[in-house]
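> I would like the atomic coordinates for the input below:
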Amino acid sequence: MQRRGTCSDRTRVRTRAWLPRRVSFGTALYTNGLLVGETIPVMLTVPLLLPLIDDGGGRIVNISSGLTRFAMPGSASYASMKGAIEVLTRYLAKELGQRQIADITTLGRTGVPDDIGPMVAALLSEDNRWINAQRIEVSGGMAL
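Have a look, this model is predicted:
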């Protein structure tokens, strides 16, 4: 199971009148978001693929964010990386499905492990082996 993310204060931009005073994107934020939000999950997934294939299949769960479906000022870099993880999840599910490896993305509000853990455990259950490449909202109803 992977959950990677980072939030930082918005970057102040004062050089262009047409830009808001505070924006959530920029080279540093994007680069950090790319490393933490996309590169690290890929680096964690790749070494697991051969053991999953050797074992005859398995499940990969990625945790995303509701910020991929609604916009909140100050979250552009973070949300774009979470969106990239959702797309990667769908492609991995398609490419690995023939090898009996399912890839699932769950979305959720900021919560404690007990908020999201039961859903992740249910997704990993053999009873739910037919669930694949799905985006499942585990948000407590936040921002419906």
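
> alpha carbons only for contacts and neighbour counts from here, please
OK.

> can you pull out the low-pLDDT segments for the chain?
1-25, 106-110, 140-144 (pLDDT under 70).

> and the helices in it, which stretches?
According to DSSP state H, the chain carries its helices in the segments 27-34, 40-54, 76-96, 113-124.

> wait, which of those is closest to T105?
Closest to T105 of the helices of the chain, according to C-alpha to C-alpha: helix 76-96, at 6.3 Å.

> what's that closest one packed up against?
helix 27-34, strand 101-108 (3 or more C-alpha pairs under 8 Å, 6 or more residues apart in numbering; DSSP states H and E).

> just name the most buried of these.
strand 101-108 (a mean of 23; mean count of other C-alpha atoms under 10 Å).

> count residues in the vicinity of A121, would you?
Neighbour count for A121, taken as other C-alpha atoms under 10 Å: 10.

> and the gap between the most centrally placed residue in the chain and S125?
Nearest residue to the geometric centre of the chain (C-alpha atoms, centre = their mean): S64, 2.9 Å. Distance, S64 to S125, using C-alpha to C-alpha, to the nearest Å: 20 Å.
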